[in-house]
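Asker: here is a sequence together with a model predicted from it:
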Amino acid sequence: MSDEMPDFSNVKSGSSSTATKIYEVVAGDSLSKIAKREYGNANEWKRIFEANRDLLKDPDKIYPGQKLKIPPK
Amino acid sequence: MIRKSLYAALIAAAVALAACGKKEEPPKPAAAPAPPPLQAPVAAPAGVTVSTISLGKAIGADKKVSATTDAFGKSDTFYASIDTTGAGTATLKSKWTYHKDGKVALVKEDTQTIAPTGPATSEFHLSKPDGWPVGDYQVEVFVGEKSAGVKKFSVK
């Protein structure tokens, strides 16, 4: 009885902004992973690190729940 | 004698009760902790409002759609470009739905939290590797939990 409504489970989505975005770190994240997702390039992790120097001392240490500023692309 | 002391006890009790009712009278040093200030909004709309929602098949570096449309092809990517004004932190949400014969299916929901310092443009986009079903769709944009507008479109 699923009344032939289409399956949308494989829909891919994305978002971006000209404004700084706020991203909440989840388990398994790294700055390069976030950079890859946000900018399409893992090597841009330094931009995120620089924008969050007030919060991050070591680019290899980010924690779930931290809210990072993601500068616009 | 007993009656006299009973009266005395009653009067004492009455005085004590009256004193209780005047708690605000004696000025006290403000030792009690101040009530907490209004909670700072975490991801709530703090002065950020949506001015325009546009749909298109492509966007530029400014996140605006190159050409607005409400008719898409099966292999197109849907872009919703959202202009906002104001500054603060706000969570934008896009809720994409498919409509057929009075029934509604959720296509996708997506959010992004932005911290603009002035006018900004944000976008959400969707694609479907095996192509979009033909029919009617809509996207509703929210700022926080509040709807900021709806755009209807179709796939032909």
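Answerer: Perfect, thanks for sending it.
Asker: hey, let's count contacts and neighbours off CA atoms from now on
Answerer: Will do.
Asker: chain B: helices as residue ranges?
Answerer: Remark: helices assigned in chain B by DSSP state H are B:2-20.
Asker: show me the shaky parts of chain B.
Answerer: Low-confidence segments of chain B, defined by pLDDT under 70, are located at B:1-46.
Asker: one more time with 50
Answerer: Chain B contains residues with pLDDT under 50 at B:1-3, B:6, B:8-45.
Asker: for it, which residues are neighbours of chain A?
Answerer: Contact residues, chain B versus chain A (C-alpha under 8 Å from any C-alpha of the partner chain): B:62-63, B:100, B:105-108, B:110-117, B:120-129, B:133.
Asker: where does chain A come near chain B, residue by residue?
Answerer: So far as C-alpha under 8 Å from any C-alpha goes, chain A lies against chain B at A:5-6, A:8-23.
Asker: let's see that with 6 Å instead.
Answerer: A:8, A:11-22 (C-alpha under 6 Å from any C-alpha of the partner chain).
Asker: so what's residue A:12 up against?
Answerer: By C-alpha atoms under 6 Å, 6 or more residues apart in numbering or on different chains, residue A:12 lies in contact with B:126, B:127.
Asker: how about a cut-off of 8 Å?
Answerer: Shown in contact with residue A:12 (C-alpha atoms under 8 Å, 6 or more residues apart in numbering or on different chains): B:126, B:127, B:128.
Asker: can you tell me which of those are in strands?
Answerer: Per DSSP state E, strands hold the following members of the contacts of residue A:12: B:126, B:127.
Asker: now the buried members of the contacts of residue A:12.
Answerer: B:126, B:127, B:128 (16 or more other C-alpha atoms under 10 Å in any protein chain shown).
Asker: hmm, residue B:74 and the first one touching each other?
Answerer: In other words, residue B:126. No. Using C-alpha atoms under 8 Å, residue B:126 is not in contact with residue B:74; the gap is 12.0 Å.
Asker: list the buried ones in the longest strand seen in chain A?
Answerer: Counting residues, the longest strand found in chain A (DSSP E) is strand A:12-17. Of the residues in strand A:12-17, those buried under the neighbour-count criterion (16+ other C-alpha under 10 Å) are A:13, A:15, A:16, A:17.
Asker: no more questions from me, cheers.
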